[in-house]
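J.: coordinates only, sequence not included:
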């Protein structure tokens, strides 16, 4: 039984494959630690922007009739959500576009970059593009 566990090479067996495996697991874990929270923040941001764009006209009919919902008010709400989620929008005029073609469905288009600091590599710039359209 002991000879099966020990292997065919005996005591002089190399530890290199084990060390390489541990190093790869450590690198992948570190990268996941850096990248997964940024991606999760993007997903939560996208979901909340979708909620902003999907206005319940039946419930909000009085405010709609008074003109409370247009490209400018939706854009303000989008910027509030971006600030809430710490989305780096530096130039809102260039990065956030809200359209309301034919007064039917709102469309929101957002472009931004997240900077992820990595040792040895330096700063990694991750570009995000978000397009949300009203579902109603």
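T.: Looks like it arrived, so ask away. This is a predicted model, so every value here is computed, not measured.

J.: how about the longest helix anywhere in the chain: buried residues?
T.: Secondary structure of the chain per DSSP state H: the longest helix is helix 16-53. The neighbour-count check on helix 16-53 (16 or more other CB atoms under 10 Å) flags 42, 45-46, 48-49, 52-53 as buried. Placement of C-beta: from N, CA and C, glycine included.

J.: Dump these to JSON lines, plus distance to residue 80 and pLDDT.
T.: Converted to JSON lines, these look like this (distance: CB to CB, whole Å; pLDDT from 0 to 100):
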{"residue": "42", "distance to residue 80": "17", "pLDDT": "96"}
{"residue": "45", "distance to residue 80": "12", "pLDDT": "95"}
{"residue": "46", "distance to residue 80": "15", "pLDDT": "95"}
{"residue": "48", "distance to residue 80": "10", "pLDDT": "93"}
{"residue": "49", "distance to residue 80": "11", "pLDDT": "93"}
{"residue": "52", "distance to residue 80": "9", "pLDDT": "87"}
{"residue": "53", "distance to residue 80": "13", "pLDDT": "87"}
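
J.: Report the helix or strand with the lowest average pLDDT across this protein.
T.: Within the chain, no helix or strand scores below helix 2-6, which has a mean of 50 by mean pLDDT, DSSP states H and E.
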